[in-house]
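In: have a look at this fold, sequence not included:
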């Protein structure tokens, strides 16, 4: 793990500095590399690093109504007819952590695709604070745009070695909410795993509905992984979501980790809870297999 610290420090030290940007402001230069500026400094001692041995990895481009949408792709090398997993990022975009999660899935035999869903609104890696990022990028992203982009990514997967009859989705924080929403939007999703995604919210022109609003009509089984100590997503909203799901037939379930807060799977942040992250990952993989995404 000491080598990881040295590698990260060396990368930052070798990065040319632009006007007004210090090394703490180092951010990703390419999709799936480095970390977003708003999350620095990274807790390097806990970062999980998945190698690319036996994998095909890197950026591909999916065209959506004339817009190029970059997607980080990871899959077993030389194989086709692969189960497909959509990996949906937090507000920080497709940085090193999300790319590593995609590689973890690829090591298990998946075609993992992590699309850059903020590409029209801006580069989430460029903002030095979460407040700026929320204001300038995240609040400007329409759900309808995200649904259309994900539909295009699924179509790309089908044309490029993916078996979309075995389609799953997982997402973290912002991506956790999208996991619920896209599963309601696309009935071809076989199963999903939502990591601490927001469940309730105000209706706006860009986000007219939220997971609690679509729960009763949801058909896809979703596993919700949440933290009891999450200050932004109270357990009361999990209870509200459970009640709404009980009116439908998706057979979705929740696991609430009593000692975890928000972003407990994010191994590069102080919020990381190793034991719960590992247990959540085990439950995630088992859920996908149980529901035909393997």
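Out: That came in fine, so what should we check first? Model, not experiment: these values are computed from the prediction.
In: verify the stated contact: residue 118 with residue 138.
Out: Yes. Under the criterion of CB atoms under 8 Å, residue 118 makes contact with residue 138 at 7.3 Å. No exception for glycine: its C-beta is placed from N, CA and C like everyone else's.
In: with neighbour numbers in mind, choose between those two.
Out: Between residue 118 and residue 138, residue 118 has the larger neighbour count (other CB atoms under 10 Å), namely 24 against 19.
In: and the more buried one, how close does it get to residue 41?
Out: Here the distance between residue 118 and residue 41 works out to 23 Å (CB to CB, to the nearest Å).
In: check residue 231 too.
Out: 22 Å.
In: can you check residue 240 too?
Out: The value you get for residue 240 to residue 41, if CB to CB is used, is 36 Å.
In: and those two? Which one has more around it.
Out: Neighbours per residue (other CB under 10 Å) separate residue 240 from residue 41, with residue 240 holding more: 16 against 12.
In: where in the stretch 1-150 of the chain is pLDDT low?
Out: In the predicted model of the stretch 1-150 of the chain, residues 1-29 satisfy pLDDT under 70.
In: which residues of it fall in strands?
Out: 55-64, 67-76, 82-88, 111-115 (DSSP state E, counting those that start in this stretch).
In: want to throw those strands into CSV with distance to residue 282?
Out: What follows is the strands of the stretch 1-150 of the chain, written out as CSV (distance: least, CB to CB, whole Å):
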stretch, distance to residue 282
strand 55-64, 21
strand 67-76, 20
strand 82-88, 16
strand 111-115, 17
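In: residue 181 is nearest to which of the ones you listed?
Out: Of all those, it is strand 82-88 that lies closest to residue 181, at 9.9 Å by CB to CB.
In: check which helices and strands that closest one sits against.
Out: For strand 82-88, the helices and strands in contact under the criterion 3 or more CB pairs under 8 Å, 6 or more residues apart in numbering; DSSP states H and E are helix 96-107, strand 111-115, helix 143-159, strand 162-172, helix 174-185.
In: using JSON lines, please lay out the ones you listed together with distance to residue 191 and mean neighbour count.
Out: Converted to JSON lines, those look like this (distance: least, CB to CB, whole Å; neighbours: other CB atoms under 10 Å):
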{"stretch": "helix 96-107", "distance to residue 191": "13", "mean neighbour count": "23"}
{"stretch": "strand 111-115", "distance to residue 191": "15", "mean neighbour count": "28"}
{"stretch": "helix 143-159", "distance to residue 191": "14", "mean neighbour count": "19"}
{"stretch": "strand 162-172", "distance to residue 191": "5", "mean neighbour count": "23"}
{"stretch": "helix 174-185", "distance to residue 191": "8", "mean neighbour count": "25"}
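In: of all the ones you listed, which lies closest to residue 127?
Out: Each of the helices and strands packed on strand 82-88 has some distance to residue 127 by CB to CB; the shortest is helix 174-185, at 14.0 Å.
In: ok, residues contacting the closest one?
Out: 86-91, 117, 138, 143, 146-147, 150, 169-171, 189, 192-199, 209-211, 214-215, 217-218, 220, 222, 224 (CB atoms under 8 Å, 6 or more residues apart in numbering).
In: and the contacts of the next helix or strand after it?
Out: Remark: after helix 174-185, the chain's next helix or strand is strand 191-195, criterion DSSP states H and E. With contacts defined as CB under 8 Å, 6+ apart, strand 191-195 is touched by 168-173, 175-177, 179-180, 182-183, 211, 220-225, 265, 280, 283-284, 287-288, 290-293.
In: partners of strand 191-195, with directions?
Out: Partners of strand 191-195 in the sheet, by DSSP bridges, are strand 162-172 (parallel), strand 222-227 (parallel).
In: show me what secondary structure element comes after it.
Out: Sequence-wise, the next helix or strand downstream of strand 191-195 (DSSP H and E) is helix 211-214.
In: so how far is that next one off the chain centroid?
Out: 19 Å (CA atoms, centre = their mean, to the nearest Å).
In: show me what that helix is packed up against.
Out: Helix 211-214 is packed against helix 174-185, helix 235-245, with contacts defined by 3+ CB pairs under 8 Å, 6+ apart.
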